[in-house]
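sharing a sequence plus its predicted fold:
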Amino acid sequence: MTDINKTILQSLGSGLVGACALTVLHETARQFIPDAPRADILGMRAIKKVMESADQEPPADDELHGWALGGDVVSNALYYSLIGLAKPENAVLTGAALGLAAGVGAVALPGPMGLGTAPSSRTTATAAMTIGWYLVGGLATAGVYALLKRR
């Protein structure tokens, strides 16, 4: 396997771990914390919006929820896999920057995109958790990437 192929696999794998950590955190916290961010609702709204603009009938909410979670994992894994552009010694800083940027985007962008603001920023605590949890995803990505690059 060439070095570039190995780096791509390490980046994608690390990004997948970060994305899964983020999704598990979101899905677990929403069961117990009233002000927890609802990335699942944002995903469901985005899918509905795209499908309706294409004159397609969105699936029922239960199925749509699964689509949203799958879409979150895939899109966040690809985003977090940008860690591979960093030097291994800068993995933690890069993971933190990726996480913070994603978290700020998750708070700031849904409103202008027509998805509503409540799921990610209805309260100050919700907005802080949103940013913090994307940071956790970025740091999980960085930890796995640094570990894989040492091997």
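Perfect, thanks for sending it. Numbers count the residues shown, from 1 in each chain.

so for this structure, the centremost residue is which one?
Computing the C-alpha centroid of the chain and ranking residues by CA atoms, centre = their mean puts N76 first, at 3.8 Å.

show residues contacting the helix or strand hosting that one.
Using DSSP states H and E, the element containing N76 is helix 61-80. By CB atoms under 8 Å, 6 or more residues apart in numbering, the surrounding residues in contact with helix 61-80 are 12, 14-16, 18-20, 22-23, 26-27, 39-44, 46-48, 58-59, 95, 98, 102, 137-138, 141. The C-beta positions use only the backbone N, C-alpha and C, and glycine is treated the same way.

run the last query once more with 6 Å
15-16, 18-19, 22-23, 39-40, 43-44, 47, 58, 141 (CB atoms under 6 Å, 6 or more residues apart in numbering).

of all the residues you listed, which comes closest to M129?
A39 (10.6 Å; CB to CB).

that closest one against H26, yeah?
Yes - with contact defined as CB atoms under 6 Å, A39 and H26 form a contacting pair (4.9 Å).

any chance of the contacts of helix 61-80 in TSV, plus secondary structure?
Supplementary listing: those in TSV, determined by DSSP: H, G, I helix; E, B strand; the rest coil:
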residue	secondary structure
G15	helix
L16	helix
G18	helix
A19	helix
L22	helix
T23	helix
A39	helix
D40	helix
G43	helix
M44	helix
I47	helix
P58	coil
T141	helix
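
and those residues, which two are furthest apart?
P58 and T141 (30.6 Å).

what about the two, which has more around it?
Just comparing P58 and T141: by other CB atoms under 10 Å the higher neighbour count belongs to T141, 35 against 16.

not counting sequence-adjacent ones, nearest residue to the more buried one?
Spatial nearest neighbour of T141, chain neighbours left out: G18 (3.1 Å); criterion: CB to CB, 6 or more residues apart in numbering.

how much space separates the one you found from G114?
In this view, G18 and G114 are 27 Å apart by CB to CB, to the nearest Å.

more neighbours: the two, which one.
Legend: neighbour count by other CB under 10 Å for G18 and G114, higher for G18 (31 against 9).

tell me how far that one lies from A142.
Plainly put, G18 is 8 Å away from A142 if you go by CB to CB.

before we move on, what about P119?
P119 sits 26 Å away from A142, taking CB to CB as the criterion.

the two - which one has more neighbours?
With neighbours defined as other CB under 10 Å, P119 and A142 compare such that A142 has more, 26 against 22.
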